[in-house]
Structure formats: structure tokens, C-alpha cells
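S.K.: Build me a model from this:
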Amino acid sequence: MLYKKKEGGITMKTVFFDVDQITKEYLQKQSICTGDVVMLEESMENISEEQYEKIKDAQIISVFVHTALKMTRETLDKYAHLKLIATRSTGFDHIDLNYCKSRGIEVVNVPKYGEATVAEFTFGVLLSLARHIIQARTDMKNNYVRMNEYIGFDLYGHTIGIIGTGAIGRHVAKLARGFGMEVLAYDLYPNEEFQRIYNIHYVGLDELYAKSDVVTLHAPATKDNYHLLDDEAFKKMKEGVIIINTARGSLVDPEALYRALVNGKVKAAALDVLENEDFIIHDDIILKSQDIPMDYAMNTIINARLMQMKNVLITPHIGFNSIDAVHRILHTTLENINHFCAGTVQNSVIK
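M.R.: Take a look at the predicted model:
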């Protein structure tokens, strides 16, 4: 447990969970408006009873997107003095916003930090799949080279379909144009100026599915787009399409994707996010869980099957993870907290 105390000014206790070495070094160099600042290496669900007793009066909590424990009513009730949750992420589906609103707890996020970071990662995994880079490297290490299995394809001249043209999706489009790709896009709120400047084409989902050689997801997780890519969506796609998801795991039905990969409709997939990914990324959840929901168990089995497939590249939610992006996340998080201390709120996600 690492402490930092600011003398004078407003007296509030702020607790940062999931503090790694980079975060610790950055926070220790910054001015934080509150009184006591507690930095914990552990996630919320892993703290000891002794640690909890020292932070239960926290008024501000900052968590990371990888927090394994969802911030439900049961979790938040343990912090009776809580006034602000500052998530160090763009997504906030790990927080019970309705309960926060009922209790008057403000929730703020980091709406923009890594459009270039995630977009570059998207093309990193796309190139890996298009040119069989990881398979070729693995075969070289094992002294078993099979040149005929590494025949890839150029990105140039192929069509990429981008679902979601927020900051990240737009940057993906810019990079795609640089590679000489044709760009189709789908968004509930098309950006007409962006379409004109970068020569992209907004189309309906069915047309995007039918014409795209690559489909990449950059949309938020909502009730309306849960399992957006399901059996019906895959049926509408080109034979041999490549799927990329660096957004949210719930956008893809994992069983439907597995079926599409087995029958060849999907040629390859790169998944930086998985539905119920916590059960793979955080092994201690399985060890501690007394009653794992059936859908979680089934998703974990399917995810394990996907990881065994040579044409599927799975990474542990690292698309955001560059030193530049992490520093931008922390900078905005501290701005959010300091604004709150000053009596104003920025980047609120409470509607």
C-alpha cells in the first residue's frame, strides 16, 4: 500500500486501484488536489481486510478497465462516503451507472486518449494475419518452414469495413487510406465532413458486410449492439473475411465466430477483447468464484477453443497499452479529479 499526502487544501481521500510501476511513478510526480492519496497495486476485489479498513472512507476512487470486479451496488455500498469514480478508461460498462446516479456518485471517464494507439494496434494485428507473420516466426523457431502456408495478401486495393467512426474508427480510416484500401463505414451518426475529406463511404451494415474483405469493430458496448456480429451477420459477409475486434468483447458472439471460422466463412480473426475475458486474464477469479454462471463457463470454453486456432490471434486487451497512451490516460484522470475538487465536473458519463 503506497501513500501520498498533500498538505493543506481540501481534505478528501482518493484511492487508486491497479497501480503498476508506470502509474505509480507518474502519480508521484503530479499534484493531486485531495488530501490523502492511496495507491494500491491490487484490484478492488483483491485487497485485504486490513487494507479495506484504511480506505473504506474514500471519497474518490479510480479504477482501471481491467478491474476484475464489476462495480455493482454490492461493491459500492462498502464505500459509504464515495462521491466520485474516475475510471481510467473510455469504456464504463464495468460500473453500475444507475446505482451511482441514485446515490449521487459522479462517474467520469477518459473519452479520448488513444485513437492513434488503438488504430496502430489494429493494423499491427491485421498485418500479422494478412502476412502470417506469427505463424512463420513460430515455424522458424521450430525449424519447420512451410513456404506455401505463408502466402498472404496485400492490403492495397482491398476493402475494409469500419463499424464505429468515433475517434479511433476515424483514425483507422486514415491509416487504411494510407495503405491504399477502400474504406466503408457504418455509424449511427455519420460524420459527413470526415467522409468528404478522407473519401470514405458510409453504408448500411448489410452492404458493409457484403463488400468488406476486413471488418473491424470500433463501437462502444451497448444493449443495442450486443452480439452485433452473430450467425446472421456472418452469413452476410464475404467468404474469407477477416474479423478484428479491439473494442469490446460483447460485440461478437463467440460461438457464432467459432462456427464461422470452422466453416471457412471467416478466414482469420484478431481479438484483443473477449466476452467475459476476465475469466482468462484474471485466473484468481476462477479460484475465488463459488458459482460461475453458465454463460461465463461456456464463453470461457469457446474462448479457449479460439485461442487454439492457428488463424486466430488473441491478445489480452493491450490495444491501448503504449507508454504515450497510458500517460494521456493518467493526465486526463488527474484533470477529472482536480476539476471535481474545484467544484466542476468534466467528462461525466452520468446521463
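S.K.: Could you use CA atoms for every contact and neighbour count after this?
M.R.: Fine.
S.K.: helix/strand/coil for Val215?
M.R.: strand (DSSP: H, G, I helix; E, B strand; the rest coil).
S.K.: Mind giving me the packing neighbours of the helix or strand containing Val38?
M.R.: Using DSSP states H and E, Val38 sits within strand 36-39. Packing contacts for strand 36-39, counted by 3 or more C-alpha pairs under 8 Å, 6 or more residues apart in numbering; DSSP states H and E, involve strand 2-5, strand 13-16.
S.K.: Let me see the mean pLDDT of the last one.
M.R.: Mean pLDDT, strand 13-16: 94.
S.K.: just the helices in the stretch 51-200 of the chain please.
M.R.: 73-76, 97-103, 115-130, 133-141, 167-178, 192-198 (DSSP state H, counting those that start in this stretch).
S.K.: of those helices, which approaches Val241 most closely?
M.R.: In terms of C-alpha to C-alpha, the element of the helices of the stretch 51-200 of the chain nearest to Val241 is helix 115-130, at 11.0 Å.
S.K.: Pull the distance from that closest one to the chain's centre.
M.R.: 14 Å (C-alpha atoms, centre = their mean, to the nearest Å).
S.K.: and if you look at stretch 301-320?
M.R.: 14 Å.
S.K.: So that it lines up with my notes, have the first residue be 708 from now on.
M.R.: In the new numbering, first residue 708, that becomes stretch 1008-1027.
S.K.: Quick one: residues in contact with that stretch.
M.R.: 821, 824-825, 828-829, 832, 836, 842, 953, 961-962, 965, 974-981, 988, 1033 (C-alpha atoms under 8 Å, 6 or more residues apart in numbering).
S.K.: can you check stretch 758-774 too?
M.R.: Residues contacting stretch 758-774 (C-alpha under 8 Å, 6+ apart): 708, 719-725, 745, 750-751, 785-796, 798-799, 801, 985.
S.K.: buried sites along that stretch?
M.R.: Ile762, Asp764, Ala765, Gln766, Ile767, Ile768, Ser769, Val770, Phe771, Val772, His773, Thr774 (16 or more other C-alpha atoms under 10 Å).
S.K.: Could you dump those residues into JSON lines and include pLDDT and distance to Gln902?
M.R.: Below are the buried residues of stretch 758-774 laid out as JSON lines (pLDDT from 0 to 100; distance: C-alpha to C-alpha, whole Å):
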{"residue": "Ile762", "pLDDT": "95", "distance to Gln902": "49"}
{"residue": "Asp764", "pLDDT": "95", "distance to Gln902": "50"}
{"residue": "Ala765", "pLDDT": "95", "distance to Gln902": "46"}
{"residue": "Gln766", "pLDDT": "95", "distance to Gln902": "44"}
{"residue": "Ile767", "pLDDT": "96", "distance to Gln902": "41"}
{"residue": "Ile768", "pLDDT": "96", "distance to Gln902": "40"}
{"residue": "Ser769", "pLDDT": "96", "distance to Gln902": "37"}
{"residue": "Val770", "pLDDT": "94", "distance to Gln902": "36"}
{"residue": "Phe771", "pLDDT": "86", "distance to Gln902": "34"}
{"residue": "Val772", "pLDDT": "71", "distance to Gln902": "31"}
{"residue": "His773", "pLDDT": "61", "distance to Gln902": "34"}
{"residue": "Thr774", "pLDDT": "55", "distance to Gln902": "36"}
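S.K.: from those, which single one is nearest Leu1041?
M.R.: Ser769 (9.7 Å).
S.K.: Tell me what that closest one is bridged to.
M.R.: Phe723, Ala793 (DSSP bridges).
S.K.: how close does it sit to Ile754?
M.R.: 15 Å (C-alpha to C-alpha, to the nearest Å).
S.K.: now do Ala976
M.R.: 36 Å.
S.K.: okay, these two: which has more neighbours?
M.R.: Neighbours were counted for Ala976 and for Ile754 using other C-alpha atoms under 10 Å; Ala976 has more, 27 against 14.
S.K.: So the more buried one, which state does it fall into?
M.R.: Strictly by three-state DSSP, Ala976 counts as strand.
S.K.: quick one: Ile950 is in a strand?
M.R.: Yes - remark: Ile950 belongs to a strand, assigned using three-state DSSP.
S.K.: Could I get the contacting residues of it?
M.R.: Val921, Val922, Thr923, Val973, Ala975, Ala976, Ala977.
S.K.: switch the cut-off to 10 Å
M.R.: 833, 868, 920-924, 936, 941, 959, 964, 973-978, 1019 (C-alpha atoms under 10 Å, 6 or more residues apart in numbering).
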